[in-house]
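Student: my questions concern the predicted model and sequence given below.
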Amino acid sequence: MGTAKAGLAGIDGDLPNAERLVGLAHEIGAVAVQLGERWGSPDIHIDDQPRQGPLGALIHAYESLKDISVDSRFVILACDLYRISRRELEVLVEPRSADAVMFRVSGVVNWTAVLLSTPGLAQLSESFKSGNMSLGRAIVSIENRVELNGDQLGLSDGLLDADDPLEYKSQRTVTSPVVLED
């Protein structure tokens, strides 16, 4: 997670987006969370070394994990997701027989929220080692993948991403609240 975007407050008042995403990850059962530099708590592993883009950082994190099983699943969340809620994450992590699960919003694959299996991460690693530096291209090259239609599922608002502070600020003014049912 890039520190510039991670520090912007999300939909939860003044709570930085990095902290909000960590909380959501724990709510859906994540056992460990990795973020970029300057963010941390006892259960967060910090990696502040420059990598070769988002895919390089992801591959480094994957290769640094010890004792992962072939059944392990990994949720990848980009720092651009200021409006994502537990609802989108619960849909993302539903059990499926796929190496990658992602959303398609407005006809475009949204790789900012992805569920990957251990074999899916291994495919990303091979793609990276063969010279592909694009996380988006690497993820959509995974053959055994499921693309969920975020529009049909009513999740497209929560999957809006923002690439800069101005775009982020305009999204905060959108008045369609996310309502979660217990």
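Tutor: Arrived safely, thanks for sending.

Student: just checking, next helix/strand downstream of the helix or strand bottoming out on mean pLDDT in the chain?
Tutor: The helix or strand of the chain with the lowest confidence, counting by mean pLDDT, DSSP states H and E, is strand 44-46 at a mean of 47. Beyond strand 44-46 on the C-terminal side, the first helix or strand identified by DSSP states H and E is helix 53-64.

Student: average pLDDT for that following helix?
Tutor: Summarised as a single mean, pLDDT over helix 53-64 is 80.

Student: can I get it in CSV, CA atoms only?
Tutor: Extracted C-alpha coordinates of helix 53-64, given in CSV (Å, rounded to 0.1, in the frame of the first residue of the first chain):
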residue,chain,number,x,y,z
GLY,A,53,5.9,-1.7,-8.8
PRO,A,54,2.8,-3.2,-7.1
LEU,A,55,3.4,-6.6,-8.7
GLY,A,56,7.0,-6.7,-7.5
ALA,A,57,5.9,-5.8,-4.0
LEU,A,58,3.2,-8.5,-4.1
ILE,A,59,5.7,-11.1,-5.3
HIS,A,60,8.2,-10.1,-2.6
ALA,A,61,5.5,-10.4,0.1
TYR,A,62,4.4,-13.8,-1.3
GLU,A,63,8.0,-15.2,-1.4
SER,A,64,8.7,-14.0,2.1
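
Student: I'd like to know which elements that helix is packed against.
Tutor: With contacts taken as 3 or more C-beta pairs under 8 Å, 6 or more residues apart in numbering; DSSP states H and E, helix 53-64 sits against helix 118-129, helix 135-140. The way it works is simple: take the backbone N, C-alpha and C, and place the C-beta from them, glycine included.
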